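In: A predicted structure for the sequence below; I have some questions about it.
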Amino acid sequence: MAVDTSVRQQAVSVAAEKRRKRRVLLKKYRILYLIMSVIVLYYIIFHYIPIVMGVTISLKDMKIGNTIFNAPFVGLQNYKTIFANPQIVGTIKNTIWLSVLRLVWGFWPPIILAIFIFDVVSPRFKKACQTIVYIPHFFSWVVIYGIVFAFFSGNGFINQLLKRIGMDNIPFMTSNAYFRSLLIGSQIWKGVGWGTILYFAAMTGINPELFDACKIDGAGPIRRIMAVILPAITPVILFNLIMSLGNILNNDFEQVLLFYNPTVYQVGDIIDTWVYRVGLGQRQYGIGAAVGLLKAVVGFILIIGSNTLSRRVTGRSLW
Amino acid sequence: MRKKRGNPNRIKLSKNDFIYQIIIHAIVGLVTLACLFPFIYVVGMSLTSQGEMVEKSYFVLFPERPTLRGYQMILRQPNFFNSLLVSVSRTILGTMASLVLVIPGGYILSKQDLPGRKALMMFFIITMILSGGLIPSYMLMKELRLLDTFWVYIIPAMGGTFNMLIIKLFVENMPDSIMESADLDGATEMQKMLYIAMPLLVPTIAALSLFAAVGQWNSWFDAMLYIQNAKLHPLSLVVRNLMFSATIQDKSGNLTMYEKATTEGMKMATIVLAAIPILCVYPFLQKYFIYGVYTGSVKG
């Protein structure tokens, strides 16, 4: 009995001690809490209220004249409309297909470029190339669109070149056959340099003794890449691949919005552009919000899932 | 004997390595050229007169008779200077706004013994991966009466969760002894944040500011979404609209070749003008590329 009481007393005192410490900390940090409350308030207004609004609007009939407050609830009507509408289903397919293409064509060029730049022995050439290949990343899609227009429009550089060698004009920017390649190609052009940064960081972390060992063992360049460089950057590659899966519903919205036009809606219209053009533009707020929310929730699950997977597999994670 | 500066490897290359070096020099060189050439071409186009463009049927690598007419025409556009002013103001104010909440937020989250820290982290991280979407954001701005005001560029820029986590990471990496000695001197939490953490964060803040400034200068979609009033349009949106207005004119076929060539040169000139400020800050940005690595290494 006596032992039991003392244990209980001890537990009580530990809990009390914890509470006391907490109180001390709360007091010590009270000014920080005050600042934090302003930040939290900002986040509630600009990040959490839109989520609540999204849920509300998606459950309401937002006919013209109805506001978010007085529109009648219609249950899951808007969500049912999504899957009955072939146009929306088409945008979902386009979104995923574009992401798959981006993944398949876009993930390896930065890896190869990073290895090659890393291996270049002349330091000045290396520095100059590195400086230049990063630049396109910092230009807005508007500037990139202008450049793509200069090259691929009807009068553009490529078509003039084709004309010189006696080939027909190809309507790259208004053709279903070329539109996706144009999107993916310009994405790679814009991002390939910047994409090397993560791999560079991993490669500069390689122990130089390993390279010396390669030299002594007489390993050629390919052997060295396979035995030393690739193993060092594999976690980064895996991380990027896994996170791309999590982002499969996210395309470069601004890019598509600039590049696409009615002639290529069939292959180029993605979820985000549909929400903007039809949901917002034609005031189909209810369905638009439902599509947006569905995409956000599925994307949320995918990112949480891929982040967890990445943490298990590679030890890297977004947070 | 003196070795060649910075290049001790050259003499030691084996035959295989030599061939490999030639191949990668060629490939890296080609990629670099592929990144550079489009800009040179666009600059060349922007300096080409309408006459020369028609003469050579738009295939102009370097203009023979360079002209600044395209640039003159943009400068004469009534909304050009106005949009430049909007772009500059939003870049300056938006960059400052992007730091106001993020720096104290990151500092506070770095306090490991802060009661409720885990919950706060969750609160912020959720906003990085879940958003209400386009329509609710639009509705919110409408309800807050921010549509068609300049503040729609500034206020949403304040909540950069990712930057907050980077600040947190850098404060956590500061040596404990600094904060401990401040405690011994009886510094308050506020003093520790402002006079001890802030000066040490200057390089981080500089990096985040530069990236934020580039983002502000480049953004156009928020203006297209929230702003009807053309007087509040930033340069990037004006460039975008110009690109598209010309496309429509091309299709209608009402324009003569002469006029069409003019718009072509003018379009390229606006593209160059929108790109120049980025090129100007690029040397400074280069110092901070390493921050690109923090994508994917921010831990809670």
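Out: Done, it's in.

In: So, low pLDDT: which residues of the chain?
Out: In the absence of a named chain, this looks at chain A. A:1-5 (pLDDT under 70).

In: hm, I was asking about chain B
Out: B:1-12, B:57-58, B:246-263, B:292-300.

In: the domain parsing of it - what is it?
Out: As assigned by automatic domain parsing, chain B contains the domains B:13-76+B:255-286, B:80-230.

In: Relative to residue A:282, which of these is closest?
Out: domain B:80-230 (11.8 Å; CB to CB). Yep, even glycine has a C-beta here, placed from its N, CA and C like the rest.

In: how long is the closest one end to end?
Out: 11 Å (CA to CA, to the nearest Å).

In: ok, back up a step: and the domains of chain B as TSV, adding mean neighbour count and distance to chain A?
Out: TSV is the format used below for the domains of chain B (neighbours: other CB atoms under 10 Å in any protein chain shown; distance: least, CB to the nearest CB, whole Å):
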stretch	mean neighbour count	distance to chain A
domain B:13-76+B:255-286	17	4
domain B:80-230	18	3
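
In: Could you export these as a markdown table, including distance to residue A:248?
Out: As requested, these are exported to a markdown table (distance: least, CB to CB, whole Å):
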| stretch | distance to residue A:248 |
| --- | --- |
| domain B:13-76+B:255-286 | 27 |
| domain B:80-230 | 14 |
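
In: And those: which comes nearest residue A:12?
Out: Closest among those, using CB to CB: domain B:80-230, at 20.3 Å.

In: show me what contacts the most centrally placed residue in chain B?
Out: Central residue of chain B (CA atoms, centre = their mean): residue B:214, 2.5 Å from the mean position. Contact partners of residue B:214, counting by CB atoms under 8 Å, 6 or more residues apart in numbering or on different chains, are A:138, B:278, B:281, B:285.

In: do residue A:299 as well
Out: A:246-247, A:249-250, B:129-130.

In: quick one: the helix or strand where residue A:145 lies near chain B?
Out: If you go by DSSP states H and E, residue A:145 is part of helix A:141-152. Yes. Counting by CB under 8 Å from any CB of the partner chain, contacts between helix A:141-152 and chain B involve A:141-143, A:145-147, A:149-151.

In: okay, the residues you listed in TSV with distance to residue A:125 next?
Out: Formatted as TSV, the residues of helix A:141-152 next to chain B follow (distance: CB to CB, whole Å):
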residue	distance to residue A:125
A:141	30
A:142	32
A:143	27
A:145	31
A:146	29
A:147	25
A:149	32
A:150	28
A:151	26
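
In: out of the residues you listed, which is most surrounded?
Out: residue A:146 (28 neighbours; other CB atoms under 10 Å in any protein chain shown).

In: ok so, going back, and the residues of helix A:141-152 next to chain B, which is closest to residue B:105?
Out: Residue B:105 has its nearest neighbour among the residues of helix A:141-152 next to chain B in residue A:141, at 29.2 Å by CB to CB.

In: Single out the residue in the stretch 151-300 of chain A that lies closest to chain B.
Out: residue A:292 (2.9 Å; CB to the nearest CB).

In: Spatially nearest residue to that residue (excluding sequence neighbours)?
Out: Take residue A:292 and drop its neighbours on the chain: the residue closest to it by CB to CB, 6 or more residues apart in numbering or on different chains is residue B:133, 2.9 Å away.

In: Phi and psi next, for that neighbour.
Out: phi 100, psi -180 (degrees, to the nearest 10).

In: Against residue B:116, how distant is it?
Out: Distance of residue B:133 to residue B:116, given as CB to CB, to the nearest Å: 29 Å.
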